[in-house]
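[1] no FASTA, just this:
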């Protein structure tokens, strides 16, 4: 592997990883603010974050195709097309906003329909009533960030993410807890902080687009929409498989957690400890997946087929090595890591710790296989191969992982250990199929017909 490929890969992946880390940190600090309001509010906040994450991530996922389409146009030096792609992505963004706005406005009805406790619904409803007004700006920010990733402005995306985190923490501190003469708004205050931060960041991003010379060539603020809604059609065409895959994986996570809950408090506690580390391990996997999408897409746009193949393999190798390192760490220091969340004086401590150690070992393998699947899924998306990874994800999770986990846990009475083994089997099969697909698609990559963006 040449150093130039490694440097380019890290230059894309690391800012994306930093962006995800800041998002995770923001959520953690937000939970800490709300935790000061009492245990009932903390319980409601856990529900709030899970619902918001599901709605926003699934809703915004079609926009992830934007960075791929922009990177291909950028690699092909089609600067005039890039601004049009961005502007047409804003149309798609507004359509998504309408759906999310309705969901946020109906959140009380939805939660009651799913049997959630009325007191918890009453606590989080004010948040969604306020946060819905920040959704348009939040999704526009995601669209703009995907555009920036596509044109190689990863560092700017990371800087904006850090700035967003700082704004959200400061405004959250003011409105949630009531400081600097501002009234105490509680959970609703986090909605105020979200909305203010979203619109402030959108103003900053659009100001950068307007004033910075680097963005003049894209004619972002012109009324030029040559080609009609062709790019909007492409965004939806390549975006809906990403949305389906993202939604499928999020729903499976919730269902597996539900299965663990059927096994009792000890099983749920042990899996919750492991899950905290899984959430950290998926961050670099996302970074290298996005890096592979952008760099492969850029190389295809430039018709540099050998480079596209190399970038795909480099991201796959680096991602797998990093996740393997994390897997070794959690198995070398399982007790020390578990003690971050467990106290020896707690009931069932020894039983929970024993389960955590075993699950750590099993999960290490599933995450290694999943890193292969995620990184090469990103590379395939760079080839505009969206539907095959979507189908493989569905098979690996819903046809293999969930049924096998259920059978091992409840029919063979293996409990939470059986659920962990189900993940290994599903991810192993998924990684093998995705690797085979990447190999087949790229062994004669110069023969692949990739439609030009002008068509």
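    That came through, no problem. None of these values were measured; they are calculated from a predicted model.

[2] quick check: closest non-adjacent residue to residue 404.
    Spatially, and ignoring its direct neighbours in sequence, residue 404 is nearest to residue 422 (4.1 Å; C-beta to C-beta, 6 or more residues apart in numbering). Yep, even glycine has a C-beta here, placed from its N, CA and C like the rest.

[3] count of neighbours near the one you found?
    By other C-beta atoms under 10 Å, 26 other residues sit near residue 422.

[4] so who does it touch?
    Contact analysis of residue 422 by C-beta atoms under 8 Å, 6 or more residues apart in numbering lists 400-409.

[5] mind redoing it with 10 Å?
    By C-beta atoms under 10 Å, 6 or more residues apart in numbering, the contact set of residue 422 is 256, 259, 362, 366, 397, 400-409, 414.

[6] assign it to helix, strand or coil.
    The assignment at residue 422 comes out as helix when based on DSSP: H, G, I helix; E, B strand; the rest coil.

[7] about what we covered before: of the contacts of residue 422, buried ones?
    Burial by neighbour count, judged by 16 or more other C-beta atoms under 10 Å, picks out 256, 259, 362, 366, 397, 400-402, 404-406, 408-409, 414 from the contacts of residue 422.

[8] where in the stretch 101-250 of the chain is pLDDT low?
    Within the stretch 101-250 of the chain, the ranges that satisfy pLDDT under 70 run 224-228.

[9] which residues of it fall in helices?
    With DSSP state H, counting those that start in this stretch as the criterion, the stretch 101-250 of the chain has helices at 107-113, 118-131, 135-150, 154-177, 187-211, 230-262.

[10] could you dump those helices to a markdown table with distance to residue 22?
    A markdown table is the format used below for the helices of the stretch 101-250 of the chain (distance: least, C-beta to C-beta, whole Å):
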| stretch | distance to residue 22 |
| --- | --- |
| helix 107-113 | 26 |
| helix 118-131 | 19 |
| helix 135-150 | 12 |
| helix 154-177 | 4 |
| helix 187-211 | 12 |
| helix 230-262 | 20 |
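
[11] okay, those helices, which one's buried deepest?
    Here the criterion is mean neighbour count by mean count of other C-beta atoms under 10 Å, and of the helices of the stretch 101-250 of the chain the winner is helix 135-150, at a mean of 24.

[12] helix 230-262 and that helix, what's the angle between them?
    Between helix 135-150 and helix 230-262, the angle comes out at 110 degrees (axes from the mean of the first three to the mean of the last three C-alpha atoms, to 10 degrees).

[13] and helix 135-150, what does it pack onto?
    The contact analysis (3 or more C-beta pairs under 10 Å, 6 or more residues apart in numbering; DSSP states H and E) places helix 135-150 against helix 3-35, helix 39-60, helix 65-75, helix 79-105, helix 154-177, helix 187-211, helix 265-301.

[14] circling back to that earlier point, closest one of the buried ones among the contacts of residue 422 to residue 326?
    Set against residue 326, the nearest of the buried ones among the contacts of residue 422 by C-beta to C-beta is residue 366 (12.5 Å).

[15] list the residues that contact the closest one.
    By C-beta under 10 Å, 6+ apart, residue 366 lies in contact with 278, 327, 359, 401, 420-428, 431.

[16] next one: residue 116
    The neighbours of residue 116, taking C-beta under 10 Å, 6+ apart as the test, are 44, 47, 51, 108, 110, 124.
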